[in-house]
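Engineer: no FASTA, just this:
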């Protein structure tokens, strides 16, 4: 379209070019940002599907010229030093067990702190709040020795249990329980239900959404945890994916299709989780911010 | 307050039901049963280590040696004396963490705010874009690290290729030389965690009462004036939270250096956490490493106090 024609048309729409720019510019920015965030991830996927010799050819082919399962088949078939499938399984077990442990312990403690009065409650709450301000890295040395004392070094228990002592879940659920109306419990108490029955039959069913949020966040944090597993897991068959990927990078050096295939395998479960539980994740994050 | 509604006087549970006791009854054992599972974890992995860590730092604690002699404050004084072998690399690593914090925090406070302001407008597809910008954050540092290590590779990486297309003829050593290594680490971290801060800002923005904007409009305030006089004051607690959390996260920086630069060039990008973990959990000098972690914690405490003081003063 020639310029005058374009101008004529905008006039017909009753919009000046300036208005059109104002209309389009935000979307241009949004799309540019989208590319910035998505392109690296697509590059990982694309590289993982190429034969290795094509991974470093330029100009880059975003859609592989030849699709190849080389990267994935190397990962699935080889070696005792980089058993990626085993790492995947370990990560699934660890993150699931961790999330379950957090849900059980945090929901019970949060319920007691929110809905019951008992001797020592304020002291316990103050202790839990007080330790929130101690940065995590201070626990590195002592917890390494404690985990060693239990004989958990180089086992999945080392990455499942200690992290569940964090207070986030307790605070998060306590906040929710405080907001529940008390009438339901009163009625149940009059009917002779005890606290455990109330907790299981009334409180937990009411807290599906915050429990789901906490479960998803705990799973994600554990799945992605890097520093701690790097140091407490050593045997190749006992690693979770994050320390494993770092080993994979060292072992395959410039075999980018294998390394990126490892990255894709580590990403798929959390991205699927993100797509389906996005509401919980984003809400959990934003609420944690507002509380602070 | 905690049991509001349950304690109301008209509620009188019949005595014959044992479970119907008043929930505040101090004789009941039930609350402790509810607390017990979490308290066990809390005691073993938080309360005890918080004290045990100090104990370790007062010993020459080599994990591999049977004897762990008491050395008092020597692990600490060594860090401040120039003739000990640990003091120089430790302070270098502290400097690295400080630099990283200094470079990354302003970017991670400002850019997500701009994006959040942008996303706070009504337009179709808003939730989709918010989800896309947050997406990298759900991936762990290990995935982000190996991916960007590849993209940043000076010879075969995408970044230098596209810079070449744009006319940059030299191969920039993104990983092996300063300042490029810092630019890479900061850039990757911003890319990775920006969505987290943006989501928190966005929630804060949506909590600001729209009536305040309307009132400001009636008073003839323009966009900028509304931002300064309505948005910023409304956002103050969230801003404090974002700054605090971002400083803390930067001080904890480990994985990016570990995977992307491996601390190079030299020890330039070896962060404090990296040096502490290597000293304590690879070389097993745990006493020294514990002392270092407390020095880092103290430094962080000072920064936080200053940060809070600044925010408080602004408020008055």
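Structural biologist: Good, I have the coordinates. No experiment lies behind these values; they were computed from the predicted model shown.
Engineer: low-confidence bits of the chain, can you list those?
Structural biologist: I went with chain A, as the question did not name one. A:1-14, A:78, A:288-292 (pLDDT under 70).
Engineer: um, chain B though
Structural biologist: B:1-27, B:315-316.
Engineer: can you list the residue ranges for strands in chain A?
Structural biologist: Under the criterion DSSP state E, chain A carries no strands.
Engineer: show me the residue at the heart of it, geometrically.
Structural biologist: A centroid search over chain A (C-alpha atoms, centre = their mean) returns residue A:220, at 2.2 Å, as the residue closest to the centre.
Engineer: so how far is stretch A:188-201 from its chain's centroid?
Structural biologist: 34 Å (C-alpha atoms, centre = their mean, to the nearest Å).
Engineer: check stretch A:213-230 too.
Structural biologist: 6 Å.
Engineer: could you list every residue that touches the residue nearest to the centre of chain A?
Structural biologist: Counting by C-beta atoms under 8 Å, 6 or more residues apart in numbering or on different chains, residue A:220 touches A:95, A:270, A:273, A:281, B:138. No exception for glycine: its C-beta is placed from N, CA and C like everyone else's.
Engineer: let's see if you can find the most crowded of the residues you listed.
Structural biologist: Using other C-beta atoms under 10 Å in any protein chain shown as the neighbour test, these are led by residue A:95, with 25 neighbours.
Engineer: quick one: that one from residue A:191, how far?
Structural biologist: 39 Å (C-beta to C-beta, to the nearest Å).
Engineer: hmm, stretch B:277-296 touching chain A?
Structural biologist: Yes: remark: stretch B:277-296 sits within contact range of chain A at B:277, B:280, B:281, B:282, B:286, B:289, B:290, B:293, B:294, B:296, by C-beta under 8 Å from any C-beta of the partner chain.
Engineer: can you tell me which helices and strands the helix or strand hosting residue B:256 packs against?
Structural biologist: Assigned by DSSP states H and E, residue B:256 falls within helix B:255-256. Where contact means 3 or more C-beta pairs under 8 Å, 6 or more residues apart in numbering or on different chains; DSSP states H and E, helix B:255-256 is packed against helix B:141-151, helix B:180-206.
Engineer: quick one: secondary structure of residue B:122?
Structural biologist: coil (DSSP: H, G, I helix; E, B strand; the rest coil).
Engineer: what's the first-to-last distance across stretch A:176-190?
Structural biologist: 23 Å (C-alpha to C-alpha, to the nearest Å).
Engineer: list the buried residues for that stretch?
Structural biologist: Residues A:176, A:177, A:180, A:182, A:185, A:186, A:188, A:189 are the ones in stretch A:176-190 that count as buried (16 or more other C-beta atoms under 10 Å in any protein chain shown).
Engineer: just say which of the helices and strands packed on helix B:255-256 is most tucked in.
Structural biologist: Mean neighbour count (mean count of other C-beta atoms under 10 Å in any protein chain shown) peaks for helix B:141-151 among the helices and strands packed on helix B:255-256, with a mean of 25.
Engineer: does any part of the following helix or strand past that one sit near chain A?
Structural biologist: The first helix or strand that comes after helix B:141-151 along the chain, using DSSP H and E, is helix B:158-165. Yes: using C-beta under 8 Å from any C-beta, helix B:158-165 reaches chain A at B:158, B:161.
Engineer: buried stuff in helix B:158-165?
Structural biologist: Across helix B:158-165, burial judged by 16+ other C-beta under 10 Å covers B:158, B:159, B:160, B:161, B:163.
Engineer: so which pair among those is furthest apart in space?
Structural biologist: Using C-beta to C-beta, the buried residues of helix B:158-165 reach their maximum pairwise distance at B:158 and B:163, which is 9.5 Å.
Engineer: which other helices and strands contact the helix or strand encompassing residue B:31?
Structural biologist: Assigned by DSSP H and E, residue B:31 belongs to helix B:30-42. Packed against helix B:30-42 by the contact rule (3+ C-beta pairs under 8 Å, 6+ apart) you find helix A:84-115, helix A:121-132, helix A:195-198.
Engineer: may I see the buried residues of the last one?
Structural biologist: Buried residues in helix A:195-198, counted by 16+ other C-beta under 10 Å: A:195, A:198.
Engineer: going by contacts, tell me the helices and strands next to that helix.
Structural biologist: helix A:183-190, helix B:30-42.
Engineer: of all those, which lies closest to residue A:36?
Structural biologist: helix B:30-42 (40.4 Å).
Engineer: which one is the residue most central in space within chain B nearest to, not counting chain neighbours?
Structural biologist: For chain B, the residue sitting closest to the mean C-alpha position, by C-alpha atoms, centre = their mean, is residue B:249 at 2.0 Å. Nearest non-adjacent residue to residue B:249, counting by C-beta to C-beta, 6 or more residues apart in numbering or on different chains: residue B:193, 6.9 Å away.
Engineer: ditto for residue B:145
Structural biologist: Spatial nearest neighbour of residue B:145, excluding adjacent residues (C-beta to C-beta, 6+ apart): residue B:259 at 3.0 Å.
Engineer: who's in contact with the one you found?
Structural biologist: Applying C-beta under 8 Å, 6+ apart to residue B:259 gives the contacts A:246, A:249, B:141, B:142, B:145, B:146, B:149.
Engineer: how about chain A: which residue is closest to chain B?
Structural biologist: Closest residue of chain A to chain B, C-beta to the nearest C-beta: residue A:182 (2.3 Å).
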